[in-house]
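Undergrad: Need coordinates for the following:
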Amino acid sequence: MDPLGKGSQLAQTEGLNGRTSVEQASFRDPAGSVFLRDKRVFRIVTPAGKQDLEAFLASPSAARILEKGQVVSSTQLADSDRRAILSQDGPWSSFESLDQCTLWEHERIPFPSFPYEWPPTMLFATAELTLDLAEALLTDHLGLKDGTPYNVLFRGPHPVFVDLLSVERRNSGDPTWLPYAQFLRTFLLPLAAHKYFGMALDQIFMTRRDGLEPEEVYRWAGKLRRLAPPLFGLVTMPTWLGAKHSPDDTALYQPKLMDNTEKAAYVLQSLFGRLRRQLKAVAPEKTSSTWTTYMTTNNNYSGEHFQAKEKFVQQAMNECSPSAVLDGGCKICHFSAIAAKAVARVV
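TA: Down below sits the predicted model:
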């Protein structure tokens, strides 16, 4: 996994020809690291991460997930290509046993975005994907090392998981999901803060890379809201229990294995079910905006002028033939749709 939960994502943001761009946080992961070269996304996988990656890709759940497009597509490079790329200067030269590392190329997501740029609906979709993957992997004795939105990019309107080394083999007798606290901080609490206190995601993630702590949200909530669901389970109970927990006690992170693997799986399934209910409780509400009625009463165009604008957009696409278009004031995307008929990609 990427220690800061964002290496795979940030490495896709640079487009450098003939040079290598890296995300330094990714290169602190002993299992592998991501870099970009000639606009292609590569991942070095060390011997420490090779077995987990191979176990994931060989699993039936991986086949289903990849078929749905929920995980970024990846191809292992031939040994000759691996040697040619890694023989060049790069930060990977510091890796031990470089000759034993494998090299993978990932699908390049064309327009990377980050949680602090998203509306809450995108964070919600990312949370659903994270739980979908965690549950799907469970049947093959696999799991996610972390639960953070920084492991997800959007391919168009669809979230796609990009950090393959976040998948690990797990003991089937282990009933715990270690990313639970991270999932709470980076998904559930930011969505709750938006829903109940009107906080935008940029306010949260620009100043709190690791999300929100229950104690912080507890201070914002009044006495009645603290005792009402969903904040009672998400915020109040963790705050009360945390006050009694010694920060030096590491027992929480020690494996608690069960002899009955079916019971362990049931405990995990129950946890995922509870997380889904909590996620539904903090789901963003549908709201209207200034542009909701753009096509009826709020576009400031006469019928003739509106048709002229449609014609202008169509002509501009035909004359310029761009490979991609960025619509920076898209209202409800009427003109984006016109452009999409003529170009390969519209953002």
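
Undergrad: Surely residue 154 is in a strand?
TA: Yes. Under DSSP: H, G, I helix; E, B strand; the rest coil, residue 154 falls within a strand.

Undergrad: So what sits opposite it in the bridge?
TA: Listed by DSSP bridges, the beta-bridge partners for residue 154 are residue 159.

Undergrad: how much space between it and residue 319?
TA: Taking C-beta to C-beta, to the nearest Å as the measure, residue 154 falls 30 Å from residue 319. Yep, even glycine has a C-beta here, placed from its N, CA and C like the rest.

Undergrad: can you map out the strands along the stretch 1-150 of the chain?
TA: Counting by DSSP state E, counting those that start in this stretch, the stretch 1-150 of the chain has strands at residues 20-22, 32-37, 40-45, 74-76, 102-106, 142-144.

Undergrad: deepest of those, which one?
TA: Across those, averaging neighbours per residue (mean count of other C-beta atoms under 10 Å) puts strand 32-37 on top, at a mean of 25.

Undergrad: now that strand, how far from the chain's geometric center?
TA: 17 Å (C-alpha atoms, centre = their mean, to the nearest Å).

Undergrad: In contact with the residue nearest the centre of the chain: list those residues for me.
TA: The structure's the chain has its C-alpha centroid closest to residue 152; by C-alpha atoms, centre = their mean the separation is 2.1 Å. Residues counted as contacts of residue 152 (C-beta atoms under 8 Å, 6 or more residues apart in numbering) are 9, 126, 129-130, 159-162.

Undergrad: Low-confidence regions, the chain specifically.
TA: The chain contains residues with pLDDT under 70 at 1-28, 91, 94, 244-255.

Undergrad: For stretch 318-337, C-alpha coordinates in CSV please.
TA: C-alpha atoms of stretch 318-337 as CSV (Å, rounded to 0.1, in the frame of the first residue of the first chain):
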residue,chain,number,x,y,z
ASN,A,318,-15.6,20.3,-36.2
GLU,A,319,-13.0,23.0,-37.1
CYS,A,320,-10.6,22.4,-34.2
SER,A,321,-11.0,18.6,-33.9
PRO,A,322,-9.7,18.5,-30.3
SER,A,323,-8.8,15.2,-28.7
ALA,A,324,-10.2,16.4,-25.4
VAL,A,325,-12.4,19.2,-24.1
LEU,A,326,-12.6,20.7,-20.6
ASP,A,327,-15.9,22.4,-19.9
GLY,A,328,-15.2,24.7,-17.0
GLY,A,329,-18.8,26.1,-16.6
CYS,A,330,-20.9,23.1,-17.7
LYS,A,331,-24.2,24.0,-15.9
ILE,A,332,-26.1,20.7,-16.5
CYS,A,333,-23.8,19.6,-19.3
HIS,A,334,-26.0,20.4,-22.4
PHE,A,335,-23.1,21.8,-24.4
SER,A,336,-20.7,19.2,-23.0
ALA,A,337,-23.0,16.5,-24.6
